[in-house]
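Trainee: Fold the stuff below for me.
(2 chains)
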Amino acid sequence: MLQIQNIRDNKEQILLALNKRNKDFSSTIDQLLEIDAQRRKIQQEMEAFLAQGNALAKQIGDLFKSGNKAEADALKEQTATIKQNSKQLEEKLAVLEAEQQQLLYLLPNTPHESVAFGKGAEENVNVKEVGTIPILPENKKAHWDLADQYGLIDFETGVKITGAGFPIYRGKGAILQRALINFFLDEARKAGYEEVIPPHVVNEASGYGTGQLPDKEGQMYHIGVDDLYLIPTAEVPLTNIYRDVILKESELPVRITGYTPCFRREAGSYGKDVRGLNRLHQFDKVEIVQIAHPNDSYTILEDMVKHVEGLLQKLELPYRILRLCGGDMGFTSALTYDFEVFSAAQERWLEVSSTSNFETFQANRLKCRIKGQDGKTILAHTLNGSALALPRIVASLLENHQTADGIRIPAALVPYTGFEWIK
RNA sequence: GGAAAGGUGGGUGAGUGGCUGAAACCAACAGUUUGCUAAACUGUCGUAGGGGAAACCCUACCGGGGGUUCGAAUCCCCCCCUUUCCGCCA
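Mentor: Numbering: from 1, shown residues only, chains lettered A, B, ... in the order given. Model prediction:
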């Protein structure tokens, strides 16, 4: 959430930045500033009455103590109108504050200066492309056929037990999942992240903290009886650890990683793009999260990008890195790099990681702050990235490493799987 | 699910109507002194909103929301949460 004070002080700058999202927010901003001005005016008036009332109450108290009951009673009569006035203003103020809040919720994060204007995915900037795309034999198979052939994943039975998008991994398919999770966690630990096992279900406040609520309400599974949400990503519980926390500069940066299943309703997405492992309702992911000082957050973002790159290289997958344009970037992000691997049988790029700097957007909602040496508190910057999401990694591993003799496991993963081939 | 206790500043914890935005202790920060990885002493030390060039001032906040009162951390009502015991149970 943007800060009203910032909007007040840097209106033009913010509008310019928001324009990159290919949407015009000027009317929202104008409305917001108008309400803000009203709000402050009303607040001043109300506080003047409150101050008056406080002073009177003190006087009355003193008079009572000195036994001057008559004079005290006389003063009491004055309090009625003051109370009435402040109460009226308080109601007005509450309305204005609520309106202001609603408008603030509508504003996405301001893109970083390096983010390009753009309408949608086709205008994302290709930062780099690494690795060679394997040349597969004529009879190459898509991962859903390979998964079936080698008995790795049972999509149909998942449908029976739960529904579409809840696959069952079996045998080497299941071991491969576990191997990838361990591999990713180990790599994150080596890079300095503390491993965390968070809850997989969160409350409403946490949903608001990282920005899933109210924007993406329909995308999360909601447990009605207990009013809790299944996490769509570990980002939610991991980042919310630092909700309402004031960190010392010496504690920065905070680096944590966690594996969790992720649950997404993905309402409204159907078709061939969602076949097999391409889009699921439940999937596994290792997430990396950092809380950083504003001065360091972009250096840290680059570090995180390097980390994710390292993983893809070790898995011997051809990948590309995209810097998302304004129109394709998530609501809460200031700068996002997407990682895509080329899945050679489907002959398409699949997104496997999204690594972002949210600057103060989440921190403002989370109230995650840093207390500096000078004693002043400032909002922290939050960052996170998938490192990595499993299903599409598995899809491309199966497709890219398929041979006539079976599927080859990349060397870096063999210590984790315990086998070199899926045959 | 049943019963009880409790939610106060970074932590422990005092505070039952005005002298309390809140004692004390610990932690933290700054300094003094002494100096072998420390101790002692002194000082600072909640958050947010608003006003002001600034010094500083005002307002709100003791789980959340309402109420009583001239005045509420303190009294009343509702809700939420935590802990303990019992029950159930991986």
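Trainee: what residues does the stretch 201-350 of chain A put near RNA strand B?
Mentor: Residues of the stretch 201-350 of chain A found near RNA strand B (Cβ under 7 Å from any atom of the strand) are A:Ile246, A:Lys248. Every C-beta, even on glycine, is put in place using the N, C-alpha and C of the backbone.
Trainee: how does it look with 10 Å?
Mentor: Proximity of the stretch 201-350 of chain A to RNA strand B (Cβ under 10 Å from any atom of the strand) is limited to residues A:Asn203, A:Ala205, A:Val225, A:Asp226, A:Asp227, A:Leu228, A:Asp244, A:Val245, A:Ile246, A:Lys248, A:Glu249, A:Ser250.
Trainee: Local confidence estimate at the fifth one?
Mentor: Predicted confidence (pLDDT) for A:Asp227: 84.
Trainee: Tell me if I'm right that it and A:Ala205 touch.
Mentor: No. Counting by Cβ atoms under 8 Å, no contact exists between A:Asp227 and A:Ala205, whose distance comes to 10.8 Å.
Trainee: These two: who's more crowded?
Mentor: When neighbours are counted by other Cβ atoms under 10 Å, A:Asp227 and A:Ala205 differ, and A:Ala205 comes out ahead with 13 against 9.
Trainee: Grab the longest helix from chain A for me.
Mentor: Of all the segments assigned as helix in chain A under DSSP state H, the longest by residue count is helix A:26-65.
Trainee: how about A:Lys76, what does it touch?
Mentor: With Cβ atoms under 8 Å, 6 or more residues apart in numbering as the criterion, the residues that contact A:Lys76 are A:Ile60.
Trainee: what about it, which SS state?
Mentor: The three-state label for A:Lys76, taken from DSSP: H, G, I helix; E, B strand; the rest coil, comes out as helix.
Trainee: Ok, A:Thr332 next?
Mentor: The three-state label for A:Thr332, taken from three-state DSSP, comes out as coil.
Trainee: just checking, it touches A:Gly211?
Mentor: Yes. The pair formed by A:Thr332 and A:Gly211 meets the contact definition of Cβ under 8 Å, at 4.1 Å.
Trainee: These two: which has the busier surroundings?
Mentor: Legend: neighbour count by other Cβ under 10 Å for A:Thr332 and A:Gly211, higher for A:Gly211 (26 against 22).
Trainee: confidence score at the more buried one?
Mentor: The predicted local confidence for A:Gly211 comes out at a pLDDT of 85.
Trainee: I am assuming it contacts A:Leu366, so please confirm or correct that.
Mentor: No. At 9.3 Å, A:Gly211 and A:Leu366 do not qualify as touching, with contact defined as Cβ under 8 Å.
Trainee: what's the helix or strand for A:Arg365?
Mentor: Taking DSSP states H and E as the definition, one finds A:Arg365 inside helix A:361-366.
Trainee: Could you list the alpha-carbon positions for that helix in CSV?
Mentor: Taking only C-alpha atoms (Å, rounded to 0.1, in the frame of the first residue of the first chain), the coordinates of helix A:361-366 have been written out as CSV:
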residue,chain,number,x,y,z
PHE,A,361,4.5,-1.6,-0.3
GLN,A,362,4.1,-4.7,1.8
ALA,A,363,6.0,-3.3,4.7
ASN,A,364,3.5,-0.4,5.0
ARG,A,365,0.7,-2.9,5.5
LEU,A,366,2.8,-5.2,7.6
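Trainee: Tell me the helices and strands packed up against that helix.
Mentor: With contacts taken as 3 or more Cβ pairs under 8 Å, 6 or more residues apart in numbering; DSSP states H and E, helix A:361-366 sits against helix A:204-210, helix A:235-240, strand A:381-389.
Trainee: mind checking pLDDT for the residue in the stretch 251-400 of chain A that RNA strand B sits nearest to?
Mentor: Distances from the stretch 251-400 of chain A to RNA strand B, computed as Cβ to the nearest atom of the strand, single out A:Thr377 as the nearest residue at 4.6 Å. On the pLDDT scale, A:Thr377 is placed at 85.
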